[in-house]
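Trainee: Got a predicted structure here, sequence first:
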Amino acid sequence: MSETLKHGSMIDATPVPVMVAGSAIIITRCLSVLMLANELGYDELANFVHRSAQAWDSTLIFIASQLIFLFELRCAFILMRGNNRGRWGYVATQIIVLIYMLMASVGWIYPEIFSIPGESNAQIIHHTLLQKLPDVLVLGLLYVPASSRAFFRRR
């Protein structure tokens, strides 16, 4: 351990905005799962999984949401190590999630498991974009600061 500290480690070389963004991805995703489990309770969580397994389309969307969750966590760890694929992977997942949320909320895709209710399409789009604001801020930390851009350019 002392040799690592003497010669410097990858954590020392990682810029603060990248570490904050990676940590924010991990923390927000894990906390959202814990808050959902706490809100639903064991019985409702089991009921949600059971209802999601009733039809193929619900099952596929449920499995895709779990895969996106795990992929986002993996991207967070990859980008903190300085790999540019982590940044672009996180951007891709955010685009996919945003498109699905908008289409499900407007009613173009069934089942609407992850839809956002609203009275008009403009209101739905506004609420969806507000839901994605923390992710936009994380993307800002990964792309805007010069230290972040230089960190990923170097690697």
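Mentor: Great, that's in hand. Residues are numbered from 1 along each chain as shown.
Trainee: only C-alpha atoms for contact and neighbour calcs from this point on.
Mentor: Fine.
Trainee: For the longest helix along the chain, give the mean pLDDT please.
Mentor: In the chain, with assignment by DSSP state H, the single longest helix is helix 16-52. Average pLDDT, helix 16-52: 92.
Trainee: show me where pLDDT drops low in the protein?
Mentor: Low-confidence segments of the chain (pLDDT under 70): 1-12, 111-115, 155.
Trainee: between the next helix or strand after the longest helix of the chain and helix 16-52, how big is the angle?
Mentor: Using DSSP states H and E, the helix or strand that follows helix 16-52 towards the C-terminus is helix 56-80. Relative orientation of helix 56-80 and helix 16-52, computed by axes from the mean of the first three to the mean of the last three CA atoms, to 10 degrees: 160 degrees.
Trainee: Could you check how far I116 is from W88?
Mentor: As judged by CA to CA, to the nearest Å, I116 and W88 stand 26 Å apart.
Trainee: more neighbours, these two?
Mentor: Per other CA atoms under 10 Å, whichever of I116 and W88 has more neighbours is I116, with 18 against 14.
Trainee: Without its sequence neighbours, what residue ends up closest to the residue nearest to the spatial centre of the chain?
Mentor: Nearest to the centroid of the C-alpha atoms of the chain, with distances taken as CA atoms, centre = their mean, sits E72, at 5.1 Å. Counting by CA to CA, 6 or more residues apart in numbering, Y90 is the residue found nearest to E72 once chain neighbours are left out, at 6.0 Å.
Trainee: the inter-axis angle of whichever strand or helix holds the one you found versus helix 16-52?
Mentor: Element membership of Y90, judged by DSSP H and E, is helix 84-106. Helix 84-106 runs at 40 degrees relative to helix 16-52, counting by the same axes, to 10 degrees.
Trainee: gap between helix 84-106 and the chain center?
Mentor: Chain-centre distance of helix 84-106: 8 Å, with CA atoms, centre = their mean, to the nearest Å.
Trainee: In terms of secondary structure, what does that helix contact?
Mentor: Contact partners of helix 84-106 among helices and strands, from 3 or more CA pairs under 8 Å, 6 or more residues apart in numbering; DSSP states H and E: helix 56-80, helix 121-131, helix 133-143.
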